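**Student:** Fold the following for me, if possible:
(one chain, ligands or ions: 2)
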Amino acid sequence: MTQTRMADPFSLVIFGATGDLAKRKLFPAMFNLFKSRILPDHFLIVGVGRSIRTVDAFRQAVRNSVENYSRFQIDSEAEWSEFVRHFQYTSSDIHDDQGYREMKGIIEEHEKQLEVTFNRLFYLAIAPGLFATVSQKLKASGLAAANGYKRLIIEKPIGHDYESARELNKQIKRTFEEEEIYRIDHYLGKEMIQNIEVIRFANSLFEPLWNHRYIESVQITASETVGVEERANYYDRAGALRDMVQNHLLQMLMMVCMEPPSRLKTEAIHDEKIKVLRSLRRYGEDEVGKYFVRAQYREGKMNGKRVPAYRDEPGIDKNSMTETFVAAKLYVDNLRWAEVPFYIRTGKRMAEKVTKIIVQFKDMPKNLYFNRDNDLKPNILEISIHPEEGIKLFLNAKKPGTDNQITPIAMEYCNNCEEETPEAYESLIYDAIIGDQTYFTHWAEVALAWKFIDPVRRLWDQDPQSLQFYDSGTWGPKKAHELLAQEGHGWWPQYSGAQPEIIKANELPFK
Ligand SMILES: NC(=O)C1=CN([C@@H]2O[C@H](COP(=O)(O)OP(=O)(O)OC[C@H]3O[C@@H](n4cnc5c(N)ncnc54)[C@H](OP(=O)(O)O)[C@@H]3O)[C@@H](O)[C@H]2O)C=CC1
Ligand SMILES: O=C1O[C@H](COP(=O)(O)O)[C@@H](O)[C@H](O)[C@H]1O
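**Tutor:** Ligands and ions are numbered 1, 2, ... in the order given. Now for the predicted structure:
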């Protein structure tokens, strides 16, 4: 959410309104925006699903979802009525033209009552295999012919490789221009991911150091404790490389690496992100094994409870070769990042749920001054994205009262300690409503990310030996540690051993 202003009146059609995404994310996000008073008086939400529901039953489902997942409470029945009166429902199969006529009828009826420009958004919370059909039928039915704006919001996965993504994109573009397509990568809606830009470009402290001369390495971790859950059908065909690396991890990498944009405008930011993907070092087939590690979880213990191996999860093939973990060493071959390793890792059933970026600065000269025993801890900037949100800067300082002993200390800022921050979908839906594409994925990003991933995937598919295994509840296979050890590095924080004192940002003298 880049700016807070009241949105213009709009109609939003949610395809897949009876599904999980709508229930857990979309309805609560709409309610959060309503509570934040940034939705206009006039807006309409039309839910579409195959399930037969009355409008009242649909509104009750919206209420259940808000009560379970919204960050705000419903304060009164009057408030609830004011919110829910905006919701309508129509039951229809996506292939059925009559359904589109009904949607059009509901929307036109709403628009007729208003003397304003008619803006329409279409949110596809449905399987990607249905995107092209909906897009084509929106055009044919005239629904996509608003006299204001028309926008399409789609979810990942966008294809399963470059070719399929390109084909899908081609079909969607028959109805929507690039400026009308909002491709959600929900990591870009996270507060601290959006904060990376500010930390980098609003602090004279960091910008001069943000390059290969001062940065030793960067680590990006997105670890999860959950297993495959109920998504066997999708996940077993996707794997962690497609599910997490192609999108979320590369997006985080782009935010860390991009050059300062010429202006804080969507196009300028997208241009710089795209250049990062273009600069990513491509590995030959014989190099994938050296720079990438993939693995699958075995059974293990999580919170004292035994959990099954991936191959024993419901719906998963007993011989599945799908990876649930990926680690990689990447290089961005440009002048700023020459030879700086970017270590990325993601996995399911790992020891902790954590999303974090670690920027490790170069060591002080060895054997000089305070580093004479060569045991100074490195300076680290830790950007915590989830579940903590904030930054910590690890420094070395004199231990109070002792004889020149040095201790690591940390200065800390917590972003979500005092108040709950907006949820990613809330920020992104709001941005789509006000027409800000900054934190959505441009087609060129999708295309280049696939082009980077595809050769790795191809190689893995031909090489069963590339699959390692790790116990559930651990930090992944040994090889993922060896990947860093080769360079004298280690995954933070196990490697640091530091138990730094924390200096809170609000205790600093300038506050
Ligand atoms: N759930 C999540 O957290 C996330 C989901 N996504 C993506 O969002 C999309 C939806 O996911 P999710 O909500 O989990 O899926 P669900 O299976 O829970 O819901 C699918 C929805 O699509 C509707 N639907 C399916 N086929 C048709 C059809 N032929 N005509 C009309 N409606 C149809 C279903 O309606 P009905 O049941 O009434 O037939 C239902 O509302 C997927 O692309 C997924 O990858 C992305 C990120 C996170
Ligand atoms: O997109 C996805 O992300 C989730 C992890 O998201 P987070 O916000 O909880 O970090 C992951 O579980 C899922 O497999 C993937 O499709």
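**Student:** and Phe58, what does it touch?
**Tutor:** Contact analysis of Phe58 by CB atoms under 8 Å, 6 or more residues apart in numbering lists 17, 47, 87-89. C-beta: built from backbone N, CA, C; applies to glycine.
**Student:** Next, count neighbours for the residue lying closest to Asn334 once chain neighbours are set aside.
**Tutor:** Using CB to CB, 6 or more residues apart in numbering and skipping residues adjacent in sequence, the residue nearest Asn334 is Ser279, 4.5 Å away. Neighbouring residues of Ser279 were enumerated by other CB atoms under 10 Å; the total is 15.
**Student:** Ok, His212 next?
**Tutor:** Around His212 there are 15 residues (other CB under 10 Å).
**Student:** what about the helices in the stretch 101-250 of the chain?
**Tutor:** Using DSSP state H, counting those that start in this stretch, the helices of the stretch 101-250 of the chain run over residues 131-141, 162-172, 191-201, 232-240, 250-257.
**Student:** same check, this time on the stretch 401-511 of the chain
**Tutor:** According to DSSP H, counting those that start in this stretch, the stretch 401-511 of the chain carries its helices in the segments 424-434, 443-462, 478-485.
**Student:** Quick check: buried residues in the second one?
**Tutor:** Read it as helix 443-462. Neighbour-count burial for helix 443-462 flags 443, 445-454, 456-457, 459-460 (criterion: 16 or more other CB atoms under 10 Å).
**Student:** ok, so what distance separates the residue in the stretch 101-250 of the chain positioned nearest to ligand 2 from Tyr343?
**Tutor:** Using CB to the nearest ligand atom, the closest approach of the stretch 101-250 of the chain to ligand 2 is made by Asp243 at 4.8 Å. As judged by CB to CB, to the nearest Å, Asp243 and Tyr343 stand 19 Å apart.
**Student:** Same check on Leu138?
**Tutor:** For Leu138, the distance to Tyr343 - CB to CB - is 43 Å.
**Student:** From the contacts of Phe58, pick the one nearest Leu250.
**Tutor:** Sorting the contacts of Phe58 by how near they are to Leu250, with CB to CB, puts Ala17 at the top with 30.4 Å.
**Student:** what's the burial count for the closest residue in space to the closest one that isn't next to it in sequence?
**Tutor:** Using CB to CB, 6+ apart and skipping the chain neighbours, the partner closest in space to Ala17 is Gly47 (2.9 Å). Neighbour count for Gly47, taken as other CB under 10 Å: 28.
**Student:** so Gly47 makes contact with Phe87?
**Tutor:** Yes - under the criterion of CB atoms under 8 Å, Gly47 makes contact with Phe87 at 6.7 Å.
**Student:** Phi, psi for Thr346 please.
**Tutor:** phi -150, psi 150 (degrees, to the nearest 10).
**Student:** Contacts only, for it.
**Tutor:** 221-224, 240, 244-245, 248-249, 325-326.
**Student:** now Tyr162, nearest residue through space, not along the chain?
**Tutor:** Trp450 (3.8 Å).
**Student:** before we move on, the earlier item: for the residue nearest to Ala17, which three-state class applies?
**Tutor:** For Gly47, the assignment made with DSSP: H, G, I helix; E, B strand; the rest coil gives strand.
**Student:** Identify the residues contacting it.
**Tutor:** 14, 17-18, 22, 58, 62, 87-90.
**Student:** burial of Thr402, as a residue count?
**Tutor:** Residues lying near Thr402 (other CB under 10 Å) number 9.
**Student:** Could you list the domains of the protein?
**Tutor:** For the chain, the TED database gives the domain ranges 10-155, 188-487.
**Student:** Can you mark which positions in stretch 59-71 are buried?
**Tutor:** 59, 61-63, 65-66, 69-70.
**Student:** Among those residues, which one sits closest to ligand 2?
**Tutor:** Tyr69 (13.5 Å).
**Student:** Leaving aside the residues adjacent along the chain, what's closest to the closest one?
**Tutor:** Pro28 (4.1 Å).
**Student:** pretty sure that neighbour is in a strand, no?
**Tutor:** No - per three-state DSSP, Pro28 lies outside any strand segment and is helix.
**Student:** Closest approach to ligand 2 from the stretch 1-150 of the chain, which residue is it?
**Tutor:** Counting by CB to the nearest ligand atom, the stretch 1-150 of the chain gets nearest ligand 2 through Lys25, at 10.2 Å.
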